[in-house]
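A.B. asks: next come a sequence and a model predicted from it.
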Amino acid sequence: MQATDQPPVALTERGARSPHIETWSENDRLRHIPAIDWIVQKLDTDLRRRIEILWLPYSDLAASDPRHAPMEAGFRALCRSLERLADVARRGRGAAHPPGDLGSRIGWTVDYAVAALSSVDPATFGHRFPFHTFERSNGEPLWAAMLRVIEQVKQLTTLVRDIEPDVDEKLYEGLVKLSEPLRREPIA
């Protein structure tokens, strides 16, 4: 018996050979897409904290200030990106009705996106679809939407630096936590 490079086949009830049918959860993970748990944690803790820090200088800014309009447009774009992320995660199931106030809307859209991402099945997320369905993985558009949210936060950070130059210090606060504080006396 010789080894062949043909895909594995299964026998049907009548004894005829049929091609191997792939299942979604048994397919390989796509290496370029992180796990859904990491994406939820990134949005719920890191990005939520960053958005709240970026919101504070804007909320204190007068509406007559020329920097107000670009920042408002940036926050509205962030809300649209978060809504798009939630829609991709929910796969188009139902429409959401966010609040009209921009401050309330930001918090609401982050919560909405986290809830939608939490409903994604981690067993199949990021796995390649079976070849016979001719569909793309559900992880690729979701990861692209998440990258867009991260980019929107980065753009907002640039806008907020004009108002508050030390915003980076606040964003990176708590990034490194020393398990043992430094000694006050010199080492040598």
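C.D. replies: That came through fine. Numbers count the residues shown, from 1 in each chain.
A.B. asks: got the contact list for the residue nearest the centre of the chain?
C.D. replies: In the chain, the residue lying closest to the centroid (CA atoms, centre = their mean) is Met146, at 3.2 Å. Shown in contact with Met146 (CB atoms under 8 Å, 6 or more residues apart in numbering): 39, 42-43, 85. For every residue, glycine as well, the C-beta is placed using N, CA and C.
A.B. asks: so how far is Leu85 from it?
C.D. replies: Separation of Met146 from Leu85 (CB to CB, to the nearest Å) stands at 6 Å.
A.B. asks: overlap in contacts, the two.
C.D. replies: Joint contacts of Met146 and Leu85 (CB under 8 Å, 6+ apart) are Leu43.
A.B. asks: the helices in the chain, which residues?
C.D. replies: Using DSSP state H, the helices of the chain run over 36-41, 48-59, 68-90, 102-118, 139-163, 167-171.
A.B. asks: how about those, which one is nearest Leu30?
C.D. replies: Of all these, helix 139-163 sits nearest to Leu30, with 5.9 Å by CB to CB.
A.B. asks: any idea of the mean pLDDT for the closest one?
C.D. replies: Mean pLDDT, helix 139-163: 93.
A.B. asks: identify each buried residue in it, please.
C.D. replies: Residues of helix 139-163 classed as buried by neighbour count (16 or more other CB atoms under 10 Å): 139, 141-143, 145-146, 148-149, 152-153, 156-157, 159-160, 163.
A.B. asks: closest one to Leu47 out of those, please.
C.D. replies: Nearest to Leu47 among these, counting by CB to CB, is Val153 at 5.9 Å.
A.B. asks: sorry, back to before: list just the nearest of the contacts of Met146 to Leu182.
C.D. replies: Of all the contacts of Met146, Leu182 sits closest to Lys42, with 30.0 Å by CB to CB.
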